[in-house]
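Colleague: Mind looking at a prediction? Sequence and model below.
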Amino acid sequence: MFKDSWRVSLKDVLLEGKTYKLLKSHNVRNVASCIAFHDVIHATPEQNTQTVKFGSAEWACPNKAVTPHILHCLVLDLVGKQLTDFESSCELVQSVHDALLGTYLLRTYYLISILIIHAAHQDAYKNAKILHRDLSVGNIIIYRGRGFLINWDLAKLLTIQGPRQTTCTGTWQFMSAHLIKNSFAIHAVEDDLESSLYVILWTALK
């Protein structure tokens, strides 16, 4: 799988390829291996967003939420199918279960009483101390009947305290109610777990 994206270019934001390698070093389940990754460096400035340079210009509208980005390429060792291409309800739930299986259960009071937590997410959080922060339909793929959690570019090390940027992190259709209502709230593991519920509901009702 080849990924060409504009990554956030901030000091405390770990390169996605490095995140994959950190996950693998902690034996995180249901995560692809990263074969190669690099920023696209070129003599011309087109590989870096330029808007942030003019944020303080007299003619520019005030906007503190502008974040610098840089063109980034990444290659994974597998090519899966989209979660929405599931062949049965069993495969759908099993894939999210793979991307949310674990030894602990979260009690909820929304529509169901028990939500099983995804292996990759649990291992990343408990072993590698990494929070994904963007559980969504587009970030879970099916490969050989198993669910894999991908797109760790917005992940955050738990050792980093406080926000790294001024905007909320996540795909809004799947963000927790708390994050939607509180734009300055700190993204926590509970928000990711709530997102996994919305992933199943959204995909099943689509």
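Modeller: Arrived safely. Numbering: from 1, shown residues only.

Colleague: Which residue lies nearest the spatial centre of this protein?
Modeller: Asp134 (3.4 Å; Cα atoms, centre = their mean).

Colleague: sec struct for it, please.
Modeller: Assigned by DSSP: H, G, I helix; E, B strand; the rest coil, the conformation of Asp134 is coil.

Colleague: Can you classify the spatially closest residue to it that is not a sequence neighbour by secondary structure?
Modeller: Take Asp134 and drop its neighbours on the chain: the residue closest to it by Cβ to Cβ, 6 or more residues apart in numbering is Leu154, 4.6 Å away. Where you see a C-beta, it was placed from the backbone N, CA and C, and this is true even at glycine. On the three-state scheme (three-state DSSP), Leu154 is labelled coil.

Colleague: Repeat that for Leu74.
Modeller: Applying three-state DSSP: Leu74 is strand.

Colleague: How much space separates it from Thr51?
Modeller: 24 Å (Cβ to Cβ, to the nearest Å).

Colleague: With neighbour numbers in mind, choose between those two.
Modeller: Taking neighbours as other Cβ atoms under 10 Å, Leu74 and Thr51 compare with Leu74 leading, 23 against 12.

Colleague: check contacts around the more buried one.
Modeller: Phe2, Lys3, Ser5, Glu16, Gly17, Cys34, Ala36, Phe37 (Cβ atoms under 8 Å, 6 or more residues apart in numbering).

Colleague: give the contact list for the fourth one.
Modeller: Translated: Glu16. Lys3, Arg7, Cys34, Phe37, His72, Leu74, Asn151, Trp152, Asp153, Ala155.

Colleague: now it: how far from Thr203?
Modeller: 24 Å.

Colleague: which secondary structure elements does the longest helix along the chain contact?
Modeller: What stands out as the longest helix in the chain, according to DSSP state H, is helix 189-205. Packing contacts for helix 189-205, counted by 3 or more Cβ pairs under 8 Å, 6 or more residues apart in numbering; DSSP states H and E, involve helix 89-99, strand 114-116, helix 119-126, helix 177-181.

Colleague: ok, 10 Å please
Modeller: helix 89-99, strand 105-107, strand 114-116, helix 119-126, strand 130-131, strand 140-143, helix 177-181 (3 or more Cβ pairs under 10 Å, 6 or more residues apart in numbering; DSSP states H and E).

Colleague: any chance of these in TSV, plus mean pLDDT and distance to Leu193?
Modeller: Formatted as TSV, those follow (pLDDT from 0 to 100; distance: least, Cβ to Cβ, whole Å):
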stretch	mean pLDDT	distance to Leu193
helix 89-99	84	11
strand 105-107	35	5
strand 114-116	34	6
helix 119-126	83	8
strand 130-131	90	11
strand 140-143	90	14
helix 177-181	91	12
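
Colleague: The ones you listed: which one's closest to Gly55?
Modeller: helix 177-181 (24.9 Å; Cβ to Cβ).
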